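Chemist: Here is my input; please provide its structure:
(chains A and B)
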2 protein chains.
Amino acid sequence: MNGAESLLTTLINNGIDVCFTNPGTSEMHFVAALDEVEGMRCVLCLFEGVLSGAADGYARMARKPASTLLHLGPGLGNALANTHNAKKGHVPVINIVGDHATYHVKFDAPLTADIEGIARPVSHWVHTSAAAADIARDAAEAVRQAGTTRVATLILPADVSWGDNPNGAEGAVAVAPPAPVPASRIDAAIAKLTSGKNCMLMIGGCEVSQQRGLLLSRIGQACGARVSTDTFPVRQARGAGTAVLERLPYLAEMAIDHIKDLDHLILIGAAAPVSFFAYPGVPSELTPAQCENFQLAGPHDDIDQCLLALLERLNAADTAAQVHALALPALPAAGKLDVHSVAQAVAYYLPEHAVVVDEANTSGLALSPATTGARLHDWLNLTGGSIGWGLPAATGAAIACPERKVVCLEGDGSAMYTIQALWTMARENLDVTVVIFNNRKYSILELEFGRTGARGGKPGPKAASMLRIDEPDMDFVALARGMGVQAERATTAEEFNRLFAEVMASRGPRLIDALVPTLF
Amino acid sequence: MNGAESLLTTLINNGIDVCFTNPGTSEMHFVAALDEVEGMRCVLCLFEGVLSGAADGYARMARKPASTLLHLGPGLGNALANTHNAKKGHVPVINIVGDHATYHVKFDAPLTADIEGIARPVSHWVHTSAAAADIARDAAEAVRQAGTTRVATLILPADVSWGDNPNGAEGAVAVAPPAPVPASRIDAAIAKLTSGKNCMLMIGGCEVSQQRGLLLSRIGQACGARVSTDTFPVRQARGAGTAVLERLPYLAEMAIDHIKDLDHLILIGAAAPVSFFAYPGVPSELTPAQCENFQLAGPHDDIDQCLLALLERLNAADTAAQVHALALPALPAAGKLDVHSVAQAVAYYLPEHAVVVDEANTSGLALSPATTGARLHDWLNLTGGSIGWGLPAATGAAIACPERKVVCLEGDGSAMYTIQALWTMARENLDVTVVIFNNRKYSILELEFGRTGARGGKPGPKAASMLRIDEPDMDFVALARGMGVQAERATTAEEFNRLFAEVMASRGPRLIDALVPTLF
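Modeler: Numbering: from 1, shown residues only, chains lettered A, B, ... in the order given. A predicted model of the protein is given here:
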């Protein structure tokens, strides 16, 4: 077998059986190998930012990495922003980046670039395969390095891909399990939790499954500590049957106020809370002066074991969790469409086991509170702050969970970074409903402009024109249809209700262009 | 003034008066400064790959760099592919990348990334401003470093932007002129050119202006050497009144054959010819064994002085150039639309001083020969091989040359990497005509699949599906209208002729979705 076949076989032997691709000439032997080796599902994307976001969404839902196939340095560059988001969310990805043949690099042909240099800032591990004989070992190492929380980037020169590999493929390798949290740290946490001081347990940087949320709630009930997620959980089970958890607010001023009385902030997976951006006169660290941050578990640690140990040490086997009951909101009254009426309709119609991908930004502020009593669902958040993640992540989530409805709640500005994802949704006939909050602004930037204090918080005419995306207005119905996705526009609450009810009851890719006013 | 105002003023004092932007929170003081400082035209793009390609197209036509405004590491990542293209073409760009406040970086907020690490592979110079007091000096240094051929990336922390700068702005700085070519190298070239051996002068890596082309032709006429451009000149004056120059073929096998008889290949700006990709059994270096590559001038050297010196040393003041006469092709006969009939219509209707941006890839093979006798025009080529450059470059070229018609000849696959450029064309009401060669394939990859020898040159069904972008077919008319650009579809030669004639005679952004069969 050649190097490409050896690589593919090794990935498949390790359960890596989805590859999001945008190949070029240097990857043609990999592409050819797809017909020689059984078992890899290749999903073509028209732009690499789509495929990297899809790999992120896939891994969050499949709980294992996808592979990607990228065309040299520029292809990896296009994938960089969403790979950044995956890395920040501790989501595993295995990038395969084609390169020129090893002997060809020195000639500096047009597509030659420092691929390792481009990869390093967004990867935990970067390696260039030197020979076809090494590729199986290198692929196995990439699987090991990616594990369940990391980005591994393997660079595959064309001659390594086409060269004969007498060593064949490698079998399944052992991926290191998450590290157990040492008893000393559990002891320290218990001491704080039973000290009578104000304590909060904050989980983040990892999936907040229904089970983990319930454990956390029981721990909180047993010792009187507040229990919370961080601002943007990677994946959170929400709705009926899930635990009642606080959520750290996004705005620094609100977050500071939210935790101002704490004496101990105990972090489980989550990092110590910091302001998303810096602002003149606002502290970067949000934890109050009298409070100690205690890192009980990191994102690579065994979160389940940690929670079970706490529960056991608190003798809380019989303590019940605080659980959300099913509580659907009233359908919005007839009339004006706004972010509140959209949120009510989403909450009302969301089917059980739906996956919500949230990149609605300012338009989404009403969504999270409105859906706490909706039917049981999973909610994915943007973890690295780089917009253009939602449509791709929804694509990947739908590949991972073909039996579940995926609902992508998407800002108009954010949508336009990776709008090409719609084509892959159509091509793969994915069961994704996209709701575009079309307010014709970078509304978050209008908000942030004020908060930075720039020009007294009031944009002048030139600045204001950089924050608006009207002139011309975008027509997302036309854009979606241009890529083969059925789409309709909603301008009233009744229209939105009717459309959203209809798409929740049917299958396949759909888009609703919801014309909403900005929230502010 | 604050740091942002100092930066803007320094750029404007140096003639850098266009900024292609996609700002975020960390850039809000820069955005605010636009209303405090006169003279910067800011062009908003919906995606950073659009703005980096626009900066490339702008600089090629304006013969000076634009600035860009990018949002931290991920924003720069999105700009990376087209910055790579600019760097490979020796096109100057000044990137301004916002970062967190200097004191905020250590908290590793979600958008924190190694910006310098991301910038380095695509920049000749990277610098992070440490304080508001330094920013004017740093901006002046960025202007100096970019010069006329390089990519300079200046990272602007938010507190440097908002901090008070008692030093004010800097005035115009001296940009180093291109280096003169030493007499010894001119001597060596003359010795080869007068040796009676087979010589070719190949120009590339720089603008091939009408004047430079004519000088080169006269040199060739005077000494009997062949005169050629490289495969993808950055910018070339073509059509009636320009010199007859050969062009090095793209396909390695054809290029090898084309120059197989040479004894001396004399390179002016151009690099020694190498295969675009490596293929099993095909040499990387295209120059034949008996031939010496001689680098007479590099891309940063003074090409005009070099050509004038050669002409003088050959005593060729009276030697005439070989010049293309105006020779318009017949309009294509009625019937089938294909790449040949499109090429004929383009050549027939192209107005004088049009700027052609060519990312038609396989569909463009007929275009270049068909337009040698068209009215005088400039032609821009993709220099770094990273597709998704054409629509952005056309956007930038139109900003640089508002009085000239820009014609963007674009493959369907390539168009989809940066389709968001259409919105900026509409917003700025740019006089750009986009022709999409819609063959519903990555046709170049079908060609390249065969050439790599993968699977005997014949893709299997899974591989074939990675090379096709039908299912669903894309409708570029809908996509363009969705972003406010008037668009029509052409399916016959008559339809294309009528539409193309109409758009050449009118102004403003237009798109023609030309349904053509693949060339192969």
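Chemist: switch to C-alpha atoms for all contacts and neighbour counts from now on
Modeler: Fine.
Chemist: And for A:Ala183, the neighbour number?
Modeler: By other CA atoms under 10 Å in any protein chain shown, the residues close to A:Ala183 number 11.
Chemist: Also A:Glu141?
Modeler: 18.
Chemist: quick one: which helix or strand includes it?
Modeler: Per DSSP states H and E: A:Glu141 is located in helix A:135-146.
Chemist: chain center to that helix, what's the gap?
Modeler: Taking CA atoms, centre = their mean, to the nearest Å, one finds the center of helix A:135-146 at 24 Å from the center of the full chain.
Chemist: and what of stretch A:422-430?
Modeler: How far stretch A:422-430 lies from its chain's middle: 19 Å, per CA atoms, centre = their mean.
Chemist: buried stuff in it?
Modeler: Buried residues in stretch A:422-430, counted by 16 or more other CA atoms under 10 Å in any protein chain shown: A:Leu422, A:Trp423, A:Thr424, A:Met425, A:Ala426, A:Arg427, A:Glu428, A:Asn429, A:Leu430.
Chemist: can it be found next to chain B?
Modeler: Yes: using CA under 8 Å from any CA of the partner chain, stretch A:422-430 reaches chain B at A:Trp423, A:Ala426, A:Arg427.
Chemist: I'd like the next helix or strand past the helix holding A:Glu141.
Modeler: Next element after helix A:135-146 (DSSP H and E): strand A:151-157.
Chemist: For A:Thr372, give its distance to B:Ala86.
Modeler: 49 Å (CA to CA, to the nearest Å).
Chemist: okay, the two: which has more neighbours?
Modeler: The residue with more neighbours, out of A:Thr372 and B:Ala86, is B:Ala86; 30 against 25, by other CA under 10 Å.
Chemist: Quick check: pLDDT value at that one.
Modeler: Note on B:Ala86: pLDDT of 98.
Chemist: cool, and A:Ile94?
Modeler: 98.
Chemist: give me the number of residues near A:Asp159?
Modeler: By the measure other CA under 10 Å, the count of residues near A:Asp159 is 25.
Chemist: State the distance from it to B:Phe277.
Modeler: Counting by CA to CA, the gap from A:Asp159 to B:Phe277 is 11 Å.
Chemist: what do those two both touch?
Modeler: Residues within reach of A:Asp159 and of B:Phe277 at once, by CA atoms under 8 Å, 6 or more residues apart in numbering or on different chains, are A:His100.
Chemist: ok, residues contacting stretch A:326-335?
Modeler: Residues outside stretch A:326-335 that contact it (CA under 8 Å, 6+ apart) are A:239-241, A:341, A:344-345, A:347-348, A:370-371, A:373-375, A:492-494, A:497.
Chemist: So which of the residues of stretch A:422-430 next to chain B are in helices?
Modeler: Using DSSP state H, the members of those that fall in helices are A:Trp423, A:Ala426, A:Arg427.
Chemist: wait, isn't the last one in contact with B:Glu471?
Modeler: Yes: A:Arg427 sits in contact with B:Glu471 when judged by CA atoms under 8 Å, with a separation of 5.8 Å.
Chemist: From chain B, how far off is the nearest residue to A:Thr148 once chain neighbours are set aside?
Modeler: Once flanking residues are discounted, A:Thr148 sits nearest to A:Pro92: 5.3 Å by CA to CA, 6 or more residues apart in numbering or on different chains. Distance of A:Pro92 to chain B, given as CA to the nearest CA, to the nearest Å: 17 Å.
Chemist: Check A:Pro177 too.
Modeler: Counting by CA to the nearest CA, the gap from A:Pro177 to chain B is 26 Å.
Chemist: tell me the contacts of that residue?
Modeler: Taking CA under 8 Å, 6+ apart, we find A:Pro177 in contact with A:Asp302.
Chemist: Let's verify it: helix, strand, or coil?
Modeler: What DSSP: H, G, I helix; E, B strand; the rest coil gives for A:Pro177 is coil.
Chemist: what separates it from A:Val485, distance-wise?
Modeler: On the measure of CA to CA, A:Pro177 and A:Val485 end up 41 Å apart.
Chemist: just A:Gly388 next, same as before
Modeler: To A:Val485, A:Gly388 is 18 Å away according to CA to CA.
Chemist: Please report the number of neighbouring residues for whichever residue of the stretch 151-300 of chain A sits closest to chain B.
Modeler: For the stretch 151-300 of chain A and chain B, the shortest gap (CA to the nearest CA) falls at A:Phe276, measuring 5.6 Å. Residues near A:Phe276, counting by other CA under 10 Å, number 22.
Chemist: Please list all residues in contact with the closest residue to A:Val339 other than its chain neighbours.
Modeler: Ranked by CA to CA, 6+ apart and with sequence neighbours excluded, the top spatial neighbour of A:Val339 is A:Ser363, at 5.8 Å. The contact partners of A:Ser363, taken as CA under 8 Å, 6+ apart, are A:Val339, A:Gly411, A:Phe437, A:Thr518, A:Leu519.
Chemist: Domain-wise, how is chain A divided?
Modeler: As given by automatic domain parsing, the domain ranges for chain A are A:3-162, A:183-313, A:339-515.
Chemist: Would you mind finding the most buried of those?
Modeler: Each of those was scored by mean neighbour count; the highest is domain A:3-162, a mean of 25, by mean count of other CA atoms under 10 Å in any protein chain shown.
Chemist: how long is that one end to end?
Modeler: 6 Å.
Chemist: now swap in stretch A:83-94 and tell me
Modeler: One end of stretch A:83-94 sits 10 Å from the other (CA to CA).
Chemist: before we move on, what about stretch A:477-488?
Modeler: End-to-end distance for stretch A:477-488: 6 Å, by CA to CA.
Chemist: does any part of it sit near chain B?
Modeler: Yes: interface with chain B: stretch A:477-488 contributes A:Val477, A:Ala478, A:Leu479, A:Ala480, A:Arg481, A:Gly482, A:Met483, A:Gly484 (CA under 8 Å from any CA).
Chemist: How about the contacts made by A:Ala271?
Modeler: Per CA under 8 Å, 6+ apart, neighbours of A:Ala271: A:Gly204, A:Gly205, A:Gln295, A:Gly298.
Chemist: mind putting these in TSV, distance to A:Ala327, pLDDT and secondary structure included?
Modeler: What follows is these, written out as TSV (distance: CA to CA, whole Å; pLDDT from 0 to 100; DSSP: H, G, I helix; E, B strand; the rest coil):
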residue	distance to A:Ala327	pLDDT	secondary structure
A:Gly204	26	98	coil
A:Gly205	28	97	coil
A:Gln295	35	98	strand
A:Gly298	34	97	coil
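Chemist: From the residues you listed, pick the one nearest A:Met416.
Modeler: Checking the contacts of A:Ala271 against A:Met416 with CA to CA, the nearest one is A:Gly205 at 27.0 Å.
Chemist: residues contacting that closest one?
Modeler: Taking CA under 8 Å, 6+ apart, we find A:Gly205 in contact with A:Gly89, A:His90, A:Asp230, A:Pro233, A:Val234, A:Gly269, A:Ala270, A:Ala271, A:Gly298, A:Pro299.
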